[in-house]
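Q: sequence first, then the predicted structure, then my questions.
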Amino acid sequence: MAIAHPLRLRILEAVALQGPLTATEVAQLVDESPANCSWHLRQLNKYGFIAEVEGRRGRQRPWRMVVDAHRWGTGEESSELARAGDAAAQVLIELEYRALREWLATRRRGTPEWRDAGFFNQAVGWCTPDELNELRAAVTELFAPYLLRIEDPAARPEGSRPVRLMGWGIPAEAPLAGKDTEEEARE
């Protein structure tokens, strides 16, 4: 899977936040060699995560983010693709956890409007598979207008800045009737 590599995630983030960027510009942002970044950029392009900016070629070829929903872990996939998807998910989740932990540790140093606007929600609800699919689609639709601003800097409102958006809904095991803890449930 193209994004299971930690450097590729750093490159994607640089292009999303600062792009369009050439391999040399990416290299400066991620502290890697331009040749190495160029190779990874081509791999990300091969799998549809980024694209060349029209009209420029060679060493001065900038790359832009492609905003598209990439989803894996569904349907009948090969065991190799499943393992790659699981690895990519682990890398992405670790990146997002790290960003959340950093924000929690440093948010009090931010301006009040950004500090107070930031949030994270945690909840447990009861859903059917159809309802969970509907929730996934609604969250995806909710994020969409903000993601499009990655590709079109002119669409970014005055005073806006990058914001990490993440949501998940995963099946949880319900406790057995009358059992309060996981350990009691196993007895």
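A: It's in.
Q: okay, now the unreliable bits of the protein?
A: 1-2, 56-59, 68-75, 174-187 (pLDDT under 70).
Q: what's the domain layout of it?
A: As assigned by automatic domain parsing, the chain contains the domains 6-65, 71-120, 121-187.
Q: so which of these is the most surrounded?
A: Comparing the domains of the chain by mean neighbour count (mean count of other C-beta atoms under 10 Å), domain 6-65 comes out on top with a mean of 17. Where C-beta positions appear, they are placed from N, C-alpha and C, glycine not excepted.
Q: quick one: the helices in this structure?
A: Shown for the chain, the helices assigned by DSSP state H span residues 6-18, 23-30, 34-46, 79-106, 112-117, 129-151, 182-186.
Q: okay if I get those helices as TSV plus distance to A123?
A: Compiled in TSV, the helices of the chain are given as follows (distance: least, C-beta to C-beta, whole Å):
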stretch	distance to A123
helix 6-18	27
helix 23-30	35
helix 34-46	34
helix 79-106	16
helix 112-117	20
helix 129-151	11
helix 182-186	19
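Q: quick one: closest of those helices to R164.
A: Nearest of the helices of the chain to R164, taken as C-beta to C-beta: helix 79-106 at 5.5 Å.
Q: quick one: that closest one to helix 6-18, angle?
A: 60 degrees (axes from the mean of the first three to the mean of the last three C-alpha atoms, to 10 degrees).
Q: wait, F49 sits on L9?
A: No. When contacts are counted by C-beta atoms under 8 Å, F49 is not listed as touching L9 (10.1 Å).
Q: closest one to M166 among the helices of the chain?
A: Checking those against M166 by C-beta to C-beta gives helix 79-106 as the closest, at 5.2 Å.
Q: which helices and strands sit right next to the closest one?
A: For helix 79-106, the elements it packs on are helix 6-18, judged by 3 or more C-beta pairs under 8 Å, 6 or more residues apart in numbering; DSSP states H and E.
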